[in-house]
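S.K.: Quick one: sequence and predicted model below, then my questions.
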Amino acid sequence: MSGALHDYTATVRWTGAGERGTASYTAYSRDHDVLLPGKPALPGSSDPAFRGDPQRFSPEELFVASLSQCHMLWFLHLAAESGLVVREYTDEATGTMRVEARGEGQFTDVTLHPRVVADAGELATDEHLAVLHHRAHAMCFIARSVNFPVLLEPIPVRVAV
């Protein structure tokens, strides 16, 4: 028995050709738009370390953010199922990418630092949150798709007042 399939479409349109295109490494802008059906364009560029525009989103930033989003959405789902009422959720995720001497590179890890504020009660414990984080990590489609560790370093739970 196979599971359901979900297809996703994204168009990436380079907008940085200028007058010279790729006549040289420094001749062109890395600017592009990420276009998703029915949504506003997302302005993209490369990381500033690779001649990108720091005012635009880099693929590396979006990659780290997607891991954080996926974990958060599963965590909230599991919290609701367990009866834990979450009032706030913040994650200051970090990622490390290593670039080799020849220019190729890869992420070596991403660490999630989720901070949860929940209603007081028997479920608002660090132990219960640890179980939910563990299950969310196991369920996250994106974390299950990468070939490096996605680490979890949750901040102790705060109880809503």
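M.R.: Good, I have the coordinates. Numbers count the residues shown, from 1 in each chain.
S.K.: quick one, domains of this protein?
M.R.: Listed domain ranges for the chain are 11-50, 59-159 (source: automatic domain parsing).
S.K.: Give me the average confidence score over the last one.
M.R.: I take that to be domain 59-159. The predicted model gives domain 59-159 an average pLDDT of 95.
S.K.: ends of it, how far apart?
M.R.: Criterion CA to CA, to the nearest Å; first-to-last residue distance in domain 59-159 is 35 Å.
S.K.: what do you get for stretch 37-53?
M.R.: Note: stretch 37-53 ends 24 Å apart using CA to CA.
S.K.: hmm, who's touching it?
M.R.: Outside stretch 37-53, the residues within contact range by CB atoms under 8 Å, 6 or more residues apart in numbering are 9, 12, 16, 25-26, 29-36, 54-62. All C-beta spots, glycine's among them, are computed from the backbone N, C-alpha and C.
S.K.: picking that back up, among the domains of the chain, which comes closest to Ala4?
M.R.: With CB to CB as the measure, domain 59-159 is the member of the domains of the chain nearest Ala4 (12.0 Å).
S.K.: Check the contact between Leu123 and Leu84; I expect there is one.
M.R.: Yes: in this structure, Leu123 is within contact of Leu84 by CB atoms under 8 Å, at 4.3 Å.
S.K.: With neighbour numbers in mind, choose between the two.
M.R.: For Leu123 and Leu84, the more surrounded residue by other CB atoms under 10 Å is Leu84, and the numbers stand at 22 against 18.
S.K.: Check whether that one sits in a helix, strand or coil.
M.R.: Three-state call for Leu84 (DSSP: H, G, I helix; E, B strand; the rest coil): coil.
S.K.: residues in contact with it?
M.R.: Contacts of Leu84 (CB under 8 Å, 6+ apart): 118-119, 121, 123-124, 128-129, 132.
S.K.: No further queries at this time; thank you.
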